[in-house]
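K.L.:
I'd like to go over a predicted model; first the sequence, then the structure.
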Amino acid sequence: MRGRRRIRTAVATATAALLCAGALSGCTAGEPAAKPPEARATPKAAPRPTPKPTSLWDASPASVAAVGDSVTRAFDACAVLADCPESSWATGTDTAVNSLALRLLGPEKAATRSWNLARTGARMAELPEQMAVAAAERPELVTVMMGANDACRATPDLMTPVADFRTHFETALARLRKDAPKAQVYVASVPSLMHLWSTGRVSPMGLEVWKLGICGAMLADAEDLSAAAERRRAEVQDRVVAYNRVLSEVCAKDERCRYDGGAVFGFRFDSGQLSPWDFFHPSRDGQARLAELAYRRITKE
């Protein structure tokens, strides 16, 4: 009896040992082995969208002040040798022009919430003073079209130096910011004087009017196509390009300023868009085109 009991005990012990060995060598066969914690893939977080910077530009300003020169005063647009502010691209009331103020504010508000502070004959040196007057009105938008008279001197050597032009423009913006820090500014480029010459010189009447001394640096001896005359005109055009570069660079440093991107400089006025009295300033139709260019840029989101 004792012998049989010992045999059963030995068999049971051996069986238990085998079962234990099997468990250690893989009783979980057919199931995937568990991965160590460091090998387990960590789900990646979804990338967060980068928020767009908030623009300070309001595409619907509620008041407009215009500063500049004869173009903004609509000189020669409706009468000979006279300002026609009612036809101004910026603040005029003439529905045929459909000025920027009319487009933004409507007729009723345009009459009380827009101001034309430009002066015929003004150069960039005067802009700081005009800006101070504009700032006093607390406008939501100030339009600037200035620089043609800095190039339109009797001779090229009298043109405003580019460094001075820059200083005057920077001073003007600083003056506005002093009293109207949140006012938006739309800056129009200086028109291409070379294009105005090439368009107006085909008119016999225009040639006669230009002999009176309009923009002599570009328009004097308008029929002269000699190398010297071409160099003179090219010098004036190069100065206009330099002025526009200044307008773009200075405006870009002000987060509430928009330059027109050269739209006015690049616009090709035809004969019907030039004054029938001087063949140089914009006619009413030309003023309408300037209003359209400004409205597109100002209302662009």
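P.N.:
Yep, it's here. Residues are numbered from 1 along each chain as shown.
K.L.:
all strands for the protein, in order.
P.N.:
Assigned by DSSP state E, the chain shows strands spanning 64-68, 114-116, 141-145, 184-187, 257-259.
K.L.:
list phi and psi for V71.
P.N.:
Taking degrees, to the nearest 10, you get phi -60, psi -40 for the backbone angles of V71.
K.L.:
excluding chain neighbours, what is closest to it?
P.N.:
M145 (5.5 Å; Cβ to Cβ, 6 or more residues apart in numbering). Just so you know, the C-beta spots here come from the backbone N, C-alpha and C atoms, and that holds for glycine as well.
K.L.:
who touches that neighbour in this structure?
P.N.:
M145 makes contacts with 66, 68-69, 71-72, 90, 118, 188, 264, 290, as judged by Cβ atoms under 8 Å, 6 or more residues apart in numbering.
K.L.:
residues contacting A134?
P.N.:
Contact analysis of A134 by Cβ under 8 Å, 6+ apart lists 65, 67, 115, 117, 142, 176, 180, 183.
K.L.:
what's the burial count for the last one?
P.N.:
The number of residues packed near A183 is 22, by other Cβ atoms under 10 Å.
K.L.:
isn't it right up against T143?
P.N.:
No: the criterion here is Cβ atoms under 8 Å, and A183 misses it with T143 at 10.8 Å.
K.L.:
CSV for the strands of the chain, including mean pLDDT and distance to K211?
P.N.:
Below are the strands of the chain laid out as CSV (pLDDT from 0 to 100; distance: least, Cβ to Cβ, whole Å):
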stretch, mean pLDDT, distance to K211
strand 64-68, 98, 27
strand 114-116, 98, 30
strand 141-145, 98, 27
strand 184-187, 98, 33
strand 257-259, 98, 35
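K.L.:
out of those, which is closest to A132?
P.N.:
strand 64-68 (9.9 Å; Cβ to Cβ).
K.L.:
quick revisit: measure the residue nearest to V71 to V209 for me?
P.N.:
Shown here: M145 relative to V209, a distance of 22 Å by Cβ to Cβ, to the nearest Å.
K.L.:
got the residue ranges for the helices in the stretch 101-250 of the chain?
P.N.:
Under the criterion DSSP state H, counting those that start in this stretch, helices of the stretch 101-250 of the chain are mapped to 127-136, 148-151, 162-179, 193-200, 204-210, 216-219, 227-252.
K.L.:
ok, the spatially closest residue to W115 that is not a sequence neighbour - how many residues close by?
P.N.:
Here the nearest residue to W115 in space, its sequence neighbours aside, is A65; by Cβ to Cβ, 6+ apart that works out to 4.7 Å. When neighbours are counted by other Cβ under 10 Å, A65 registers 31.
K.L.:
same question, the one 5 residues further on
P.N.:
Burial of S70 is recorded as 23 neighbouring residues (other Cβ under 10 Å).
K.L.:
just confirm it contacts P282, I think it does.
P.N.:
No: contact criterion Cβ under 8 Å: S70 and P282 do not qualify, at 9.7 Å.
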